[in-house]
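A.B. asks: Build me a structure from this.
(one chain, ligands or ions: 1)
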Amino acid sequence: MNPIIQALFNRKSVRAYLDRPIMPADRDLIIDAAIQAPTAGNQTLYTILDITDQALKDKLAVSCDNQPFIAKAPLVLIFLADCRKWLDCYRFANATPREPASGDFLLAASDALIAAQNAVVVASALGIGSCYIGDILENCAYFGSCCSWTASSFRPPCWSSATPLSSRRDTPNRSASTVAL
Ligand SMILES: Cc1cc2nc3c(=O)[nH]c(=O)nc-3n(C[C@H](O)[C@H](O)[C@H](O)COP(=O)(O)O)c2cc1C
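C.D. replies: Predicted coordinates:
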């Protein structure tokens, strides 16, 4: 099978990790692959936060509905839908932009998630397991205060990643006929 198609079918969420660092070259490739993703109007309305501080990882693990594997992941990336980027740019150019509305946030969240999925697939192809963490949305104000997020940024799922601890389990059997009408 074509390796790209194979990587899509092989990916699965991984929540148990070996105590082994992610090689810098792999980390760079994962992030580089993420930023190859298409974005609305080529605006790249997202920011990737690489959480390296163990204390912040610990706070994430607790505030994301107590999911301890987050604290154990050597690579924790937050894909932040970030409308502030262009506001800052316009203001720097002495323009007076309107405040972002719901459509802007939707586009920014789309940008962030599409980039995150690129990262997930590339990590999987490198033998690095990962898991999205949607629960960051529940306490995003708390965690945002730890990271100085502003009101014009929106927090989509963060993402944790590491070499999987367990041997591969079978990916779920999803056939097009069961999910597509
Ligand atoms: C937006 C989003 C949020 C998710 N949040 C969590 C989460 O907080 N914790 C978790 O263990 N898995 C989370 N997952 C992983 C899903 O549970 C998982 O993708 C789903 O059960 C299908 O399994 P698979 O990824 O192995 O195919 C999330 C997935 C997505 C796409």
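A.B. asks: Show me what secondary structure element comes after the top helix by length along the chain.
C.D. replies: With secondary structure taken from DSSP state H, the chain has its longest helix at helix 102-125. Per DSSP states H and E, the first helix or strand lying C-terminal to helix 102-125 is strand 129-133.
A.B. asks: so is residue 38 in a helix, a strand, or just coil?
C.D. replies: coil (DSSP: H, G, I helix; E, B strand; the rest coil).
A.B. asks: Kindly give the local confidence score, pLDDT, for it.
C.D. replies: With respect to pLDDT, residue 38 scores 96.
A.B. asks: circling back to that earlier point, just confirm yes or no for the longest helix of the chain near the ligand.
C.D. replies: No: judged by C-beta under 6 Å from any ligand atom, helix 102-125 stays clear of the ligand, getting no closer than 7.4 Å. To be clear about C-beta, it is placed using only N, CA and C from the backbone, and glycine gets the same treatment.
A.B. asks: show me where this structure has strands.
C.D. replies: 46-50, 75-82, 129-133, 153-154, 158-162 (DSSP state E).
A.B. asks: Give me the mean pLDDT for the shortest one.
C.D. replies: So that's strand 153-154. Across strand 153-154, pLDDT averages out at 52.
A.B. asks: for the last one, same thing?
C.D. replies: Strand 158-162 comes out with an average pLDDT of 65.
A.B. asks: Could you name the residue of the chain that is farthest from its center?
C.D. replies: What lies farthest from the middle of the chain is residue 94; by C-alpha atoms, centre = their mean that is 32.2 Å.
A.B. asks: before we move on, back to that, which stretch among the strands of the chain comes nearest residue 17?
C.D. replies: Ranking the strands of the chain by proximity to residue 17 (C-beta to C-beta) places strand 158-162 first, at 3.4 Å.
A.B. asks: burial count for the residue in the chain that the ligand sits nearest to?
C.D. replies: Closest contact between the chain and the ligand, by C-beta to the nearest ligand atom, is at residue 134 (2.8 Å). Using other C-beta atoms under 10 Å, residue 134 is surrounded by 11 other residues.
A.B. asks: Could you do residue 107 as well?
C.D. replies: So residue 107, with other C-beta under 10 Å, has 18 neighbours.
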